[in-house]
Every structure is written in structure tokens, then in C-alpha cells.
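# A structural model of the following input is requested.
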Amino acid sequence: MIILCTHNSGGVGKTTLAIHAAGVLSSQSGRTTLLIDCDDQADSWQFYANRMPNQYELLKVGDSLSILDNQKRQKITNIVNLEEYDHIVIDIDSEFLNTIHAIIYNQPDVVLIPVNKSQRRKALNKLPIVLSAVALLESKYGYSFEVIIVPLGVKQDVVLEALKQVQDKPQSCRVALAIRDLQDEMSLAVYEDRKYIWDYTGCEDLYQDFCSILEI
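Next comes the predicted model:
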């Protein structure tokens, strides 16, 4: 399964979502996961390695998880053997054209679109642009993928209402159950402590919440 985490807006939770998606996927027994960091800031890479990567550097960070630098945003089949991994998670930057290229080049099975609390208005306002573009690619090239909008600290009903207003959207598009509001804790986990949110006392339930997003 290839998963693309994207939105045409910065600070809405793409990297947070990519890291935790990779975390739950790599925890599945007998499954291997590759997280590809396509952002110049390399935040996904730094979460695991605590340093900046070398160009196209591949690093194994556990028995079932590896990370790959792809700041040049090359087609992934040009730089990695897909048969070596059960799951691939792509963390793309906010440049919308890069999202378009990532979809065309890599044909993901799932597109995850985060909406977090701190950037809720911006994320929801730009949601129609993302969905209409994905829908256009779907119809033009015959792609078949599932789009999942993930509320991070935002009520699911708020996102569902925004989705109703979008005229052009992919055929398979749903809103996941909301992850409870832990904006500060999420930021601390990803950018300072370098740990998954469910590793904090009192947040253990969030592991299953992230599993439910991907229906695993």
C-alpha cells in the first residue's frame, strides 16, 4: 500500500500524520514500511534520525521501518525497490504542484489530508482545491484511490460540513474519526521528544485511533 500525506497548506499536520501512519503500519507483525521524506525541511527524517539526511539516504530505524530522503521528489520506483516493502508512506511538502506530481508518478492507494486545530480555517478553506485536483486526476488518468480527511483536534462534524460544500471531489472520499485535541502534545512529541503520541502516559488509546484511520 502506498500512502500520500498531503495538503496545499503548511502547518496543518502532514508530517505529524505521516510519522504516526508509518508508526502504526510498521508495528504490524511481519510487515515492512518505508517512510519517504519529500520535504526540504526533512522533519520526518529528523524525527527518527535526529539529524539532516544526505541526498537519497536510506536509513533502517528498526526491524520493520526504514526512512528515505527524497527532497528532489523523484519518482519512487527510480530510487527504491517497491517489492522490499509492504507499505510506503510519502510525506510531501506544501507546494501543490509537487502533490500533483507525486500522485501521477507514484499512484498512491490512499491520500491522507490532515486538518489540525491551529490551522483549521486555512486547511478547510483550501480543502476544495485539493479535492477537486485529486478528482480531476482520478477522472483523467483513471486512478483509483481512497481519500481520507483526518481531523486532528477538530470535530469530525465540522469537517463533514465543509466536505458537503465541495462539489468536485474523488469518488472515494471520507472523513476519519477525529483525533482528540492534543495540539501542544503532538508538537512536543514530533519536534522535541521524537516519540509517538501514544507513548505518552494517558495517550495510549491514540494508537488504536491512528490504526482506525487506515482501517488496520
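# and the strands in the protein?
2-5, 33-38, 58-60, 65-69, 87-92, 110-116, 146-152, 173-175 (DSSP state E).
# restricting to C-alpha, output the fifth one in CSV.
What follows is the C-alpha trace of strand 87-92 in CSV, where atoms were taken according to Å, rounded to 0.1, in the frame of the first residue of the first chain:
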residue,chain,number,x,y,z
HIS,A,87,3.8,-0.2,2.9
ILE,A,88,5.2,3.1,1.7
VAL,A,89,4.3,6.4,3.3
ILE,A,90,5.1,9.6,1.4
ASP,A,91,5.5,12.9,3.3
ILE,A,92,5.2,15.7,0.7
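# counting by contacts, list what that strand packs against.
strand 2-5, helix 14-26, strand 33-38, helix 96-106 (3 or more Cβ pairs under 8 Å, 6 or more residues apart in numbering; DSSP states H and E). From N, CA and C alone the C-beta is placed, and that goes for glycine too.
# could you rerun that using 10 Å?
Contacts defined by 3 or more Cβ pairs under 10 Å, 6 or more residues apart in numbering; DSSP states H and E place strand 87-92 against strand 2-5, helix 14-26, strand 33-38, helix 43-49, strand 65-69, helix 96-106, strand 110-116.
# determine which stretch of those is the most buried.
Highest mean neighbour count of those: strand 33-38, a mean of 27 (counted as mean count of other Cβ atoms under 10 Å).
# quick one: buried residues of the top helix by length along the chain?
Identified as the longest helix of the chain according to DSSP state H is helix 127-141. By neighbour count on 16 or more other Cβ atoms under 10 Å, the buried set for helix 127-141 is 127-128, 130-131, 133-135, 137-138.
# shaky segments in this protein?
Counting by pLDDT under 70, the chain shows no low-confidence range.
# can you do 80?
Within the chain, the stretches with pLDDT under 80 are 9.
# dump the residue contacts of Thr33.
The contact partners of Thr33, by Cβ atoms under 10 Å, 6 or more residues apart in numbering, come to 1, 3, 21-27, 62, 64-67, 85-89.
# repeat that for Leu127.
So Leu127 contacts 7-9, 12, 113, 115, 149, 159, 162-163, 165-166, 169 (Cβ under 10 Å, 6+ apart).
# and what of Asn8?
Contacts for Asn8 (Cβ under 10 Å, 6+ apart) come out as 92-100, 113, 123, 126-127, 129-130, 133.
# try it again at 6 Å.
Contacts were defined as Cβ atoms under 6 Å, 6 or more residues apart in numbering; by that measure Asn8 touches 96, 126, 129-130.
# and the two most separated of those residues?
Phe96 and Lys126 (9.0 Å; Cβ to Cβ).
# circling back: distance to Ile76 for the strands of the chain - can I get that in TSV?
Shown next, in TSV, are the strands of the chain (distance: least, Cβ to Cβ, whole Å):
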stretch	distance to Ile76
strand 2-5	8
strand 33-38	6
strand 58-60	12
strand 65-69	8
strand 87-92	7
strand 110-116	15
strand 146-152	19
strand 173-175	24
